[in-house]
Structures are given as C-alpha cells and as structure tokens.
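Trainee: got a structure for you, letters missing:
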C-alpha cells in the first residue's frame, strides 16, 4: 500500500514540475518573440510621439544652474536636519 502511494506522489510531482517547466519555456519564448516584433516594427525614432504629446525633452549633458542650486540646498538642509546634538 505504501509503495503505490509513493509512486502516485512521485508521478504527481513529475507531472506538476513538467507542466511548470513547459509553461515557463513557452512564456520565455513568447516574450522573446514579442520583443523582437516590437523592436522590428516599432523602432524608436528621434521624432517620436512623445514630443508631439508635449512630454519634456531630455537635455543631455546640459545642467540647469537653478536645478543644481535647488538640489544642493535640499541636500544641505537634509544633512543639517539629521545631525544629532
């Protein structure tokens, strides 16, 4: 009686793990295929729809002096407020 129960448990374990492995393999394959399709047919151009939608442009290496000053002041305030007397 014990041998039959162990065999059934082992069979159920192998079937379950096999199902998970097959599902994950199919999922990785589908994700890879979708990524390849998107990159092939919907490549990103310089003039994308983001600019038309009014999204701010990335400014590259230029630093905004006001932004640098605000960040510096915020860091100084944060560091001073965390000091213990």
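Mentor: Nice, thanks for sending it over. All of these numbers come straight from a predicted model, not from anything done at the bench. Numbers count the residues shown, from 1 in each chain.

Trainee: State the next helix or strand along the chain beyond the helix or strand bottoming out on mean pLDDT in the chain.
Mentor: Counting by mean pLDDT, DSSP states H and E, the chain has its least confident helix or strand at helix 49-52, which shows a mean of 58. Counting by DSSP states H and E, the next helix or strand C-terminal to helix 49-52 is helix 65-81.

Trainee: and that following helix, what's its mean pLDDT?
Mentor: Helix 65-81 carries an average pLDDT of 91.

Trainee: Tell me the helices and strands packed up against that helix.
Mentor: Applying 3 or more CB pairs under 8 Å, 6 or more residues apart in numbering; DSSP states H and E, we find helix 65-81 packed against no helix or strand. In this view, the C-beta of every residue, glycine as well, is placed from N, C-alpha and C.

Trainee: What's the local residue count around residue 18?
Mentor: Residue 18 has 10 neighbours, counted by other CB atoms under 10 Å.

Trainee: so which strand or helix has it?
Mentor: helix 2-41.

Trainee: On the three-state scheme, residue 43 is what?
Mentor: Of the three states, residue 43 takes coil under DSSP: H, G, I helix; E, B strand; the rest coil.

Trainee: what separates it from residue 73, distance-wise?
Mentor: Distance from residue 43 to residue 73, counting by CB to CB, to the nearest Å: 42 Å.

Trainee: can you check residue 66 too?
Mentor: From residue 66 over to residue 73 the distance is 11 Å, taken as CB to CB.
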